[in-house]
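Chemist: what's the 3D shape of this:
(chains A and B)
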Amino acid sequence: MKAVVEVRNVSMTYQSPNGEIHALENISFSVDEGEFISIIGPSGCGKTTLLSIISGLLKPTSGEVLLYGEPNTGPSKKTGYMLQKDHLFEWRTILQNVLLGVEIQKALNPETRAKALDYLKTYGLYEFRDKYPEQLSGGMRQRAALIRTLVTDPQILLLDEAFSALDYQTRLAVNEDIYGIIRKEKKTAILVTHDISEAISMSDRVVVLSHRPGRLKRIYTIELSCTNRTPINCREAPEFRYYFQEIWRELDIHV
Amino acid sequence: MSEPAAFTELNRQHQLDISPEHAQYLNQLKREKTAVLATQIIILVLLVALWEILARFYIIDPFITSQPSRIVNTIVLLFSEGVLFHHIGVTCVETIIGFLLGTVCGVLCAIILWWSRFLSAVSEPYLVVLNSLPKIALGPVFIVWIGAGPAAIIVMTLAISLIVTILEVFNGFMGVDKEKIKLVQSFGGSKYQVLSKVLLPASFPSIINALKVNVGLSWVGVIVGEFLVSKAGLGYLIVYGGQVFKLDLVMTSVVILGIAAMLMYQGVVWFEGYVLRKNGHRQGEEKKWQ
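Modeler: Residues are numbered from 1 along each chain as shown, chains lettered A, B, ... in the order given. The predicted structure follows:
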């Protein structure tokens, strides 16, 4: 399989008046086409920084990121970024919100509009297209946010703790939902999370980072013996507990 | 935000069949609203009547306090002399120009300050000093520089409202969720797109707030300006009336001023509601009384 994302010796140091903060140190890994990867690590280990670097929003101090073999220099149309909260704009309707990305990329035309409406139809938000975000439930909003990203047609989805603002039950349901959509659209996905269960249940591989400065500790390939691979079913798999224990120990969290 | 929000929305749409309890609740609301309005009107009528009666029986001296019937007579007199609308017009035009200039320039300056971190850092102490300085003190300076006339009055108004607008709108910009900006940048958005897609719409409430404050400040600016230099306008009538001890004229002008200022404030409220409605926000209506 072809590597769509290659992270090569990426290090990141933030400058501040009080000194330097070493956020990431010499991180390298690659992601294959269609793969679902989770990055997990203790809080403050630079997970979000890493994702911002992959997206091109931040420049690493050293090292580089290749997307489809080419160095990434700025926000690219190949990647779609999903933030912690849905950040739907409350002054726009759902349809206007999901069109935001193409509008910014100056690609708003009848074609992309039709595509947006198609996505809304497929994922059950069509009747809500003229509603405002405040009129939607948390799960529906998160789905609208994903559609906003999908309409710009990125090949690689970057999910930055994309579910952490939701309450636990909604979060399980949204995991299921978003996972289904990402698989169905055959996207490559990189999920940053601090939730071990979420990482195991959704991913093909889990990348574990160390305390600050974030170094790559280990990459787990998740192989679960469940018939219908959805996040909820995965939690039932016998190997789930084993991975959980392993990663928990690897994270080495002290309070 | 979770499911219930979506459900209330459904309820709103299916309100055709209202339950008796809900009908009763709505009736109750309506009655309360009527009671408030009735009391407000009664208070106004009582005050005016009391003023009139006390003055008529010389319990208070109408020469000093004026009285409602004299105010009405003064308005009629000014009208028959054909100068009523001239004075109102002069003041209103000055106020509206000062108000619009203050708002537009203030928002533009706030945008420039946001655009350039260097400029905002440089201008900060100046803004702080200018903000705390009573701008009215600059009145004589403007008159000397610009000449006694409407231009000086408008500059006076501008001086009073500009700095407040800049600070209010700039703080609004700074208060916009950084993540929303990151979202636009993640789509490859330029600085201009961040401004037009996020900052301006998101800080609409602070812009409206600045407008509401500005309406009041513009009147202050214009009236002070007219006190200092003018040959017409409500501020001129007030000063003139005071000097020749015609308190009827002073009171009449104050009453007209109050009505005009209220109308202009309502205009801003209407504008706010209009923009919110255009963007489909139903709360636009309710906010009016908050």
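Chemist: who in the stretch 51-200 of chain B is up against chain A?
Modeler: With C-beta under 8 Å from any C-beta of the partner chain as the criterion, the stretch 51-200 of chain B comes near chain A at residues B:177, B:179-180, B:182-189, B:193, B:197-198. Every residue, glycine included, has its C-beta placed from N, CA and C.
Chemist: ok, of these, which come out buried?
Modeler: When those are checked for burial by 16 or more other C-beta atoms under 10 Å in any protein chain shown, the buried set is B:Lys180, B:Lys182, B:Leu183, B:Val184, B:Gln185, B:Ser186, B:Phe187, B:Gly188, B:Gly189, B:Gln193, B:Lys197, B:Val198.
Chemist: The first one belongs to a strand, doesn't it?
Modeler: Spelled out, that is B:Lys180. No: under DSSP: H, G, I helix; E, B strand; the rest coil, B:Lys180 sits outside any strand and is assigned helix.
Chemist: so what pLDDT did it get?
Modeler: For B:Lys180, the pLDDT comes out at 91.
Chemist: of the residues of the stretch 51-200 of chain B next to chain A, closest to B:Met262?
Modeler: Checking these against B:Met262 by C-beta to C-beta gives B:Val198 as the nearest, at 34.3 Å.
Chemist: Which of the three states applies to that closest one?
Modeler: Classified using three-state DSSP, B:Val198 is helix.
Chemist: and if you look at A:Arg218?
Modeler: Per three-state DSSP, A:Arg218 ends up strand.
Chemist: what's around it, how many residues?
Modeler: Counted by other C-beta atoms under 10 Å in any protein chain shown, the residues lying close to A:Arg218 total 12.
Chemist: Pull the contacting residues for the nearest residue to A:Tyr126 once chain neighbours are set aside.
Modeler: Spatial nearest neighbour of A:Tyr126, chain neighbours left out: A:Leu120 (4.6 Å); criterion: C-beta to C-beta, 6 or more residues apart in numbering or on different chains. With contacts defined as C-beta atoms under 8 Å, 6 or more residues apart in numbering or on different chains, A:Leu120 is in contact with A:Ile94, A:Leu95, A:Val98, A:Tyr126, A:Phe128, A:Arg129, A:Ile147.
Chemist: same check, this time on A:Ile232
Modeler: A:Leu172, A:Asn175, A:Glu176, A:Ser201.
Chemist: For it, give its distance to B:Leu133.
Modeler: Noted for A:Ile232: a distance of 65 Å to B:Leu133, by C-beta to C-beta, to the nearest Å.
Chemist: Can you report phi and psi for A:Asp195?
Modeler: phi -100, psi 110 (degrees, to the nearest 10).
Chemist: Near chain B, which residues of the stretch 101-250 of chain A? Just list them.
Modeler: Listed as neighbours of chain B in the stretch 101-250 of chain A under the rule C-beta under 8 Å from any C-beta: A:101, A:103-105, A:130-132, A:134-138, A:140-141, A:152, A:167, A:170.
Chemist: one step back: show me the contacts of A:Leu120 that map onto helices.
Modeler: In this view, these that belong to helices under DSSP state H are A:Ile94, A:Leu95, A:Val98, A:Ile147.
Chemist: which one of these has the most neighbours?
Modeler: Among the ones in helices among the contacts of A:Leu120, A:Val98 has the most neighbours (other C-beta under 10 Å), with 29 neighbours.
Chemist: quick one: that residue and A:Ile147 touch, right?
Modeler: Yes: counting by C-beta atoms under 8 Å, A:Ile147 is a contact partner of A:Val98 at 4.7 Å.
Chemist: which residues of chain A fall in strands?
Modeler: Under the criterion DSSP state E, strands of chain A are mapped to A:3-16, A:19-32, A:36-40, A:62-67, A:70-71, A:79-82, A:156-160, A:188-193, A:205-209, A:216-221.
Chemist: Quick one: list the elements packing against the helix or strand harbouring B:Ile207.
Modeler: Per DSSP states H and E, B:Ile207 falls inside helix B:204-228. The helices and strands touching helix B:204-228, judged by 3 or more C-beta pairs under 8 Å, 6 or more residues apart in numbering or on different chains; DSSP states H and E, are helix B:84-115, helix B:139-146, helix B:150-174, helix B:234-243, helix B:247-278.
Chemist: Name the residues of that helix that are buried.
Modeler: For helix B:204-228, a neighbour-count test (16+ other C-beta under 10 Å) marks B:204, B:206-211, B:213-215, B:217-228 as buried.
Chemist: For chain A, give me its nearest residue in the stretch 151-290 of chain B.
Modeler: Residue nearest to chain A within the stretch 151-290 of chain B: B:Ser186 (3.7 Å; C-beta to the nearest C-beta).
Chemist: which non-adjacent residue is nearest that residue?
Modeler: Ranked by C-beta to C-beta, 6+ apart and with sequence neighbours excluded, the top spatial neighbour of B:Ser186 is A:Tyr81, at 3.7 Å.
Chemist: Count the neighbours of B:Gly233 for me.
Modeler: Neighbour count for B:Gly233, taken as other C-beta under 10 Å: 27.
Chemist: check contacts around it.
Modeler: Here B:Gly233 is in contact with B:His87, B:Val90, B:Thr91, B:Glu94, B:Val222, B:Glu226 (criterion: C-beta under 8 Å, 6+ apart).
Chemist: Let me have those in a markdown table, extended by distance to B:Tyr25 and pLDDT.
Modeler: Formatted as a markdown table, those follow (distance: C-beta to C-beta, whole Å; pLDDT from 0 to 100):
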| residue | distance to B:Tyr25 | pLDDT |
| --- | --- | --- |
| B:His87 | 49 | 90 |
| B:Val90 | 50 | 90 |
| B:Thr91 | 46 | 91 |
| B:Glu94 | 48 | 91 |
| B:Val222 | 46 | 91 |
| B:Glu226 | 51 | 89 |
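Chemist: among these, which two are most distant?
Modeler: Largest separation among the contacts of B:Gly233 by C-beta to C-beta: B:His87 and B:Val222, giving 12.2 Å.
Chemist: follow-up on the earlier one: got any residues that touch both of A:Val98 and A:Ile147?
Modeler: A:Ala116, A:Tyr119, A:Leu120.
Chemist: Work out the gap between the lengthiest helix in chain B and the centre of the chain.
Modeler: Scanning chain B for the helix with the most residues, using DSSP H, yields helix B:20-56. Relative to its parent chain, helix B:20-56 has a centroid offset of 25 Å by C-alpha atoms, centre = their mean, to the nearest Å.
Chemist: and it, which residues are buried?
Modeler: In helix B:20-56, counting by 16+ other C-beta under 10 Å, buried: B:Trp51, B:Glu52, B:Ala55.
Chemist: I'd assumed B:Gln67 was in contact with the second one.
Modeler: It refers to B:Glu52. Yes: the pair B:Glu52 / B:Gln67 is scored as a contact, 5.5 Å apart, by C-beta under 8 Å.
Chemist: circling back: quick check, nearest of the contacts of A:Leu120 to chain B?
Modeler: Looking across the contacts of A:Leu120 and measuring by C-beta to the nearest C-beta, the closest to chain B is A:Phe128, at 8.5 Å.
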